[in-house]
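# This is a predicted model, with the sequence first.
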Amino acid sequence: MVLCSLQSREAGRGRRGVGGADNYLGAGLCNPPRLVRENAPELNSSVRQRLSATILRAYGSSQRTRSRRGQDLARFSEGRSSLGVRQGLGVATRRRSRLGCPDPAMSGLVRTEPLRGEPPLLVRGDPYSVVVLLQGYAEPDGVDDAVRADGSVTLVLPQAWGSASSHREAPPEGGGAKTALEEAARGPILVDTGGPWAREALLGALAGQGVAPGDVTLVVGTHGHSDHIGNLGLFPTAALLVSHDFCLPGGRYLPHGLGEELPLRLGPGLEVWATPGHGGQRDVSVVVAGTALGTVVVAGDVFERSGDEDSWQALSEDPVAQDRSRKRVLGIADVVVPGHGAPFRVIREAPQPRN
Ligand SMILES: [Fe+2]
């Protein structure tokens, strides 16, 4: 299964990518914000954003994109869209000969493969190992489009945890968020907690790793949805980073400056990235480098699951931002832990030379 093309973020690193084969997404996904910016620069930013989101929704599937691009643009511009988007698409339609993706022959490709194994899935690493304690899911449940779901729960375990050197000390007064975060990350770090209905399963999974709730020193909540942070109450002695809110036990909140261009360092090769989109502007992901499988990104609902390229947009507060976040994650991840499915590997293929 292939998720996405890499284009804008990766161009400078030689990983431009737009797929063409059946199992490669991206033949038409292109980069809607860039297409709109380049083809309709006269539109204001709000209309450009809406137009980008519409194009993204319309062209989420590679197979249909090339044949339907012009037809869809014309239909949208005839009145299926709101006024601002219609105006924008009218401009885009007039210029649609320029609305093309880069030549796939010059592009690298990104595809994914399931990571085999049942939870708890352990990916050993130095200095951090990653254990997927509970695998998230989302499945139809009866009528009325109801869905039964819970979020993935992942443990990041410092190799040194348990040794004398990892003994946690209270962060020094005035040390600021940077010091406090790095101190908090010296013990077991939980990324998301599942919903409150998963309380017993979570406690059991932690116990299976020899970790008591009181051992957890940092809980990262990727975003504020109930199926991801429903068990924060199990960890009153842990520091909490939920979305962009960082607080120490007792509710002492510290500013930290996290942004898309400014990750938060937790330790060697361990960072929190701002990955906005799904739940709004303040979603985060945890990046763990140096595992046996390379870099693991625990991505919350930036990815619902492998193969979600036609469905994530409907659940997104900001599809343009989320598209950007997905590309950033795919640009660095060797393994992604998605919010509602099994972990998957990310495999990049080298750009093909033009014939
Ligand atoms: Fe969510």
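Alright, I've got the coordinates. As the structure is a computational prediction, the values presented were derived from the model and not from experiment.
# Am I right that residue 280 is in contact with residue 223?
Yes. Between residue 280 and residue 223 a contact is recorded at 7.4 Å, counting by C-beta atoms under 8 Å. Yep, even glycine has a C-beta here, placed from its N, CA and C like the rest.
# between these two, which one's more packed in?
Higher neighbour count among residue 280 and residue 223: residue 223, with 25 against 14, using other C-beta atoms under 10 Å.
# mind listing what the more buried one touches?
Residues counted as contacts of residue 223 (C-beta atoms under 8 Å, 6 or more residues apart in numbering) are 229, 243, 278, 279, 280, 282, 283, 284, 300, 301.
# same thing but 6 Å
Neighbour list for residue 223: 243, 279, 283, 300 [criterion: C-beta atoms under 6 Å, 6 or more residues apart in numbering].
# now swap in residue 297 and tell me
By C-beta under 6 Å, 6+ apart, the contact list for residue 297 reads 285, 287, 329, 333, 336.
# Okay, the last one and residue 231: tell me how far apart.
Between residue 336 and residue 231 the distance, using C-beta to C-beta, to the nearest Å, works out to 23 Å.
# for residue 199, helix, strand, or coil?
Assigned by DSSP: H, G, I helix; E, B strand; the rest coil, the conformation of residue 199 is helix.
# And the nearest residue to it once chain neighbours are set aside, how close does it get to residue 251?
With sequence-adjacent residues excluded and distances taken as C-beta to C-beta, 6 or more residues apart in numbering, residue 199 is closest to residue 231, at 5.6 Å. Distance from residue 231 to residue 251, counting by C-beta to C-beta: 18 Å.
# Residue 321 now?
On the measure of C-beta to C-beta, residue 321 and residue 251 end up 29 Å apart.
# More neighbours: which of those two?
Each of residue 321 and residue 251 has its neighbours counted (other C-beta under 10 Å); residue 321 has more, 22 against 7.
# Okay, and which of the contacts of residue 297 map to strands?
285, 287, 336 (DSSP state E).
# Just put these in TSV and tack on pLDDT.
TSV is the format used below for the ones in strands among the contacts of residue 297 (pLDDT from 0 to 100):
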residue	pLDDT
285	98
287	98
336	98
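# quick one on the thing from earlier: among the contacts of residue 223, which two are most distant?
243 and 300 (9.7 Å; C-beta to C-beta).
# Looks to me like residue 256 is in a helix.
No. Checked against three-state DSSP, residue 256 lies outside a helix; its state is coil.
# and after the lowest-mean-pLDDT helix or strand in the chain, which helix or strand comes next?
Between all helices and strands in the chain, the lowest mean by mean pLDDT, DSSP states H and E belongs to helix 83-94, at a mean of 34. Where DSSP states H and E defines the elements, the next helix or strand beyond helix 83-94 is strand 109-114.
# Sheet partners, orientation included, of the helix or strand just after that next one?
Following strand 109-114 in sequence order, the next helix or strand is strand 121-123 (DSSP H and E). Under the criterion DSSP bridges, strand 121-123 sits next to strand 128-134 (antiparallel) in its sheet.
# Residues contacting the partner strand, please?
Applying C-beta under 6 Å, 6+ apart, the external contacts of strand 128-134 come out as 119-123, 153-158, 194, 201, 205, 209, 270, 288, 291, 296, 337, 343.
# Perfect, I'm done here.
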